[in-house]
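In: pasting the structure only:
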């Protein structure tokens with residue numbers, strides 16, 4: 001008989017995650033609205049004063065690039081540290097990790113695959129900085 005080890009769900013963590021998501025959705029939507037509104041204003045300004053419009057758009061992209069850099073760096077650090085814990089413990093989720101729903105413990109090749117997946121996600125998070133940096137360089141050349 002093949003028994004699977006499982007980790008029980010942490011109901012307090014589940015509640016915290018749900019509340020966090022419910023708070024993040026309207027705040028995120030509002031921030032996206034503000035960003036799009038400012039971007040539209042810059043585009044309208046370019047119709048009348050191109051140099052000033054590009055200058056404001058360049059400043060705006062500087063701020064967005066920095067914010068994106070810090071956020072993606074935070075995600076990358078978290079995912080890489082989690083990948084290291086998975087690799088060292090040889091199981092996923094690693095010992096001490098809380099989960100929002102009952103989870104089967106993965107070991108061996110499955111755990112190593114999860115560690116590689118977490119490294120991939122960290123690289124993906126950091127790759128957004130390349131795109132933001134490229135857009136920033138193009139706007140800086142126009143300015």
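Out: Everything's here; your move. From a predicted model like this one, the values you see are computed outputs, not experimental measurements.

In: Point out where the chain drops to low pLDDT.
Out: Scanning the chain for pLDDT under 70 picks out 1-3, 143.

In: how about the helices of it, start to end?
Out: For the chain, the helices defined by DSSP state H cover 11-48, 50-89, 109-142.

In: and the first one, what does it pack onto?
Out: Right, helix 11-48. In this structure, helix 11-48 makes packing contacts with helix 50-89, judged by 3 or more C-beta pairs under 8 Å, 6 or more residues apart in numbering; DSSP states H and E. C-beta coordinates here come from the backbone N, C-alpha and C atoms, glycine included.

In: Can you list the buried residues in the helix it packs on?
Out: Burial within helix 50-89, assessed by neighbour count using 16 or more other C-beta atoms under 10 Å, is assigned to 53-58, 60-61, 65, 68, 72, 75-76, 79-80, 82-83, 85-87, 89.
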